[in-house]
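Undergrad: Structure of the sequence below:
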Amino acid sequence: ANSMLRQKALANLLCQRLTFVGRPASVAARVFAIRRLTTPSTVSWLSERLSKQLSRMGALDVIRTAAEKGDDKAMALMGVCHAMGRDVEKDEVKAAEWFKQSAEKGNPEAALALGLWTLEGRGGQQADPVQAAAFLEIASVGGVPQAQTMLGIMLQEGTDITQDLKKAVKLFTQAADAGDGKAMYNL
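TA: The predicted structure follows:
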């Protein structure tokens, strides 16, 4: 019982130390919210910083336990940890497995990651634009601007999937309203 209380206290402390826009939120929510709003180099820096704090505080064990119990956000975060090799061995196949489990539970950020990896043929995924578009659709419906933009580009170009300019414009508009610069450019 003391061990669980200690882990909860450590996780709460981490959440207090890493506030996002002045509001408390879960670590996973913060990672994905910040990831959507920053550049890849900033994401890498943030991930490194978070992983150091997670390992120092034992929070990774809490996240792993939550993921194993079926929490979609924790599953997505485990995918990120495996993808970047943070506090676990870097393994894109394991990362893709975590992303897939999370996406199947409706996590839009995991669906984005899996869609991009399926498009590129990473993480043991076969390069498959049609399947990638399906994952990006899940993420788009979930309100992830990068997914809306990427799917919009695929629909605009009509390469490997059926061209649909009307839907592409709708997706670009949604992503642009959320501040996505690439979507604004494509409009």
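
Undergrad: Correct me if wrong: residue 123 contacts residue 96.
TA: Yes - assessed by C-beta atoms under 8 Å, residue 123 is found in contact with residue 96 at 3.2 Å. Any C-beta I mention is one placed from the backbone N, CA and C, and that applies to glycine too.

Undergrad: what sits in contact with each of those two?
TA: Common neighbours of residue 123 and residue 96, using C-beta atoms under 8 Å, 6 or more residues apart in numbering, are residue 117.

Undergrad: Please enumerate the helices of this structure.
TA: For the chain, helices defined by DSSP state H occupy the ranges 2-17, 27-37, 40-57, 59-68, 72-84, 92-104, 108-120, 129-141, 145-157, 165-177, 181-186.

Undergrad: angle of the fifth one against helix 108-120?
TA: Orientation check (axes from the mean of the first three to the mean of the last three C-alpha atoms, to 10 degrees): helix 72-84 against helix 108-120 gives 40 degrees.

Undergrad: Make 773 the first number, not 1, from now on.
TA: Got it, the first residue is 773 from now on, which makes the last one we talked about helix 844-856.

Undergrad: Please export the C-alpha coordinates of helix 844-856 as PDB.
TA: This file holds the C-alpha atoms of helix 844-856, laid out as PDB (Å, rounded to 0.1, in the frame of the first residue of the first chain):
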ATOM      1  CA  ASP A 844      -5.000   4.200 -23.900                       C
ATOM      2  CA  LYS A 845      -2.900   7.300 -22.900                       C
ATOM      3  CA  ALA A 846      -0.400   5.200 -21.000                       C
ATOM      4  CA  MET A 847      -0.200   2.800 -24.000                       C
ATOM      5  CA  ALA A 848       0.600   5.700 -26.300                       C
ATOM      6  CA  LEU A 849       3.200   7.000 -23.900                       C
ATOM      7  CA  MET A 850       4.800   3.600 -23.700                       C
ATOM      8  CA  GLY A 851       4.900   3.700 -27.500                       C
ATOM      9  CA  VAL A 852       6.700   7.100 -27.400                       C
ATOM     10  CA  CYS A 853       9.200   5.700 -24.800                       C
ATOM     11  CA  HIS A 854      10.000   2.700 -27.000                       C
ATOM     12  CA  ALA A 855      10.100   4.800 -30.200                       C
ATOM     13  CA  MET A 856      12.700   7.200 -28.700                       C
END
